[in-house]
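>>> Fold the following for me, if possible:
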Amino acid sequence: MVTLWFDSGEGSEPYSATVRLTGRRIGIRGTPGPQDLFTREETVDGIVPGSGPLSITTWVYGLQPGEWTVSGELIRSADHAGGQRASSRWKRASAQPLHPATWSWRRWALSTGPATPLKTRWALAAPLARIPAVIPGIWPTLSGLGVLVALTVLIAILAHEGIPVGRSLVVSLIALAAGLIGAKVWYAVLHPGPWRTWIGGWAVDGFLVVALVVTVVELLAFNLPAGLFLDASTPGLFFGVAIGRLGCFLTGCCAGRCTRSRWGVWSSDRRVGARRVPTQLLESAAGLLLGVVTALLVLGHAPTVPGLIFVAALGAYLVMRQFLLRLRAEPRRYSWRRSLMSRATP
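Numbers count the residues shown, from 1 in each chain. Have a look, this model is predicted:
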């Protein structure tokens, strides 16, 4: 696993660049074999000039174990640099040597790391390698904490409202399991292809739709007040969203677009680290706000139609989420659109 860094440079328009990596195993005896050398190119799209330092992290598999010397160079395209002055400069110096990157959590910044040999590692442990601004395993940890907080808040509100806690907890657990399955299936539908492309992803939309349908069916089967239960579950649901999205930010999923704006936050999508629109933090803040407001409404016995708090909060969240989806680095694509494009392509 290799992480290098470079500066985004100057200019006005986003551009693309290529990072070329070359590696050679240390201690080769005789003629080097195919697993003793490698050359790899990584394309970085959507680089925003003036956004500061960027990092690129890549993995190379199928090599001989041992220590390796790895060097990298950045090849910027004059056609994508933006601005005549910047284009001319980059055309004269098309290849720029890159330095190893190291990350400081205290300063929240990149810096140049020591140019030491790199060691191979077991392939299954590759995702645990250090990536700038990424904490491996933090998403399931914070997601589990979010679920625990959501259930705790729900139980407290149900007890306060005099709704049976035992049956309500069973309803919640079954809906949670169904929602997780729906989130995985929804993500797989939106990302067709080999299982490796979707095994690690989840879709919040799928969770909300499936969990809501299952919850309503269960409430009717258990003869529980559906409107009151949904209102009681609303604060915990959005507190869970607030905590879970922090995990997304520190894991590198659902990353925002690169930006030169001062309110951008340096973060990573587990491959490219850059100053980005903090979509995960914005969604987390929105979830926290909705959780606090709905908790005050539910506990304050605001005169509303049962279920109205849940419907209003969910509607506000969906509107906000559609806005944030447009700020993500990954384009919003739907499987039916890809199917139409594939049929139209010869």
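>>> check which helix or strand covers the residue nearest to residue 39 when sequence neighbours are not counted.
Spatial nearest neighbour of residue 39, excluding adjacent residues (Cβ to Cβ, 6 or more residues apart in numbering): residue 22 at 5.1 Å. (C-beta placed from N, C-alpha, C; glycine too.) Using DSSP states H and E, residue 22 maps to strand 15-25.
>>> Tell me which other helices or strands that strand touches.
Applying 3 or more Cβ pairs under 8 Å, 6 or more residues apart in numbering; DSSP states H and E, one finds that strand 15-25 makes contact with strand 2-7, strand 37-47, strand 53-58, strand 67-76.
>>> who does the last one pair up with?
When sheet partners are counted by DSSP bridges, strand 67-76 sits next to strand 15-25 (antiparallel), strand 95-97 (antiparallel), strand 118-119 (antiparallel).
>>> next one: the longest one
The strands that strand 37-47 pairs with in its sheet are strand 15-25 (antiparallel) (by DSSP bridges).
>>> try the first one
According to DSSP bridges, strand 2-7 forms sheet pairs with strand 53-58 (antiparallel), strand 99-104 (antiparallel).
>>> I'd like the next helix or strand past the last one.
Helices and strands here follow DSSP H and E; after strand 99-104, the next one along the chain is strand 109-112.
>>> what's next to that next one, contact-wise?
Contacts to strand 109-112, defined as Cβ atoms under 8 Å, 6 or more residues apart in numbering, come from residues 5, 53, 55, 99, 100, 101, 102, 103, 104, 132, 266, 273.
>>> if we take those, which one ends up nearest to residue 68?
Nearest to residue 68 among the contacts of strand 109-112, counting by Cβ to Cβ, is residue 100 at 12.4 Å.
>>> Quick check: beta-bridge partners of the closest one?
With DSSP bridges as the rule, residue 100 is bridged to residue 4.
>>> My understanding was that it contacts residue 113; is that so?
Yes: counting by Cβ atoms under 8 Å, residue 100 touches residue 113, with 4.0 Å between them.
>>> Give the residue from the two that has the larger number of neighbours.
A count of neighbours by other Cβ atoms under 10 Å puts residue 100 above the other of residue 100 and residue 113, at 19 against 14.
>>> need the contact list for the more buried one.
By Cβ under 8 Å, 6+ apart, the contact set of residue 100 is 2, 3, 4, 5, 112, 113, 114, 115, 116.
>>> how about a cut-off of 10 Å?
2-5, 55, 70-72, 111-116, 118 (Cβ atoms under 10 Å, 6 or more residues apart in numbering).
>>> what residue ranges in the stretch 1-150 of the chain score low on pLDDT?
Residues of the stretch 1-150 of the chain meeting the criterion pLDDT under 70: 77-94.
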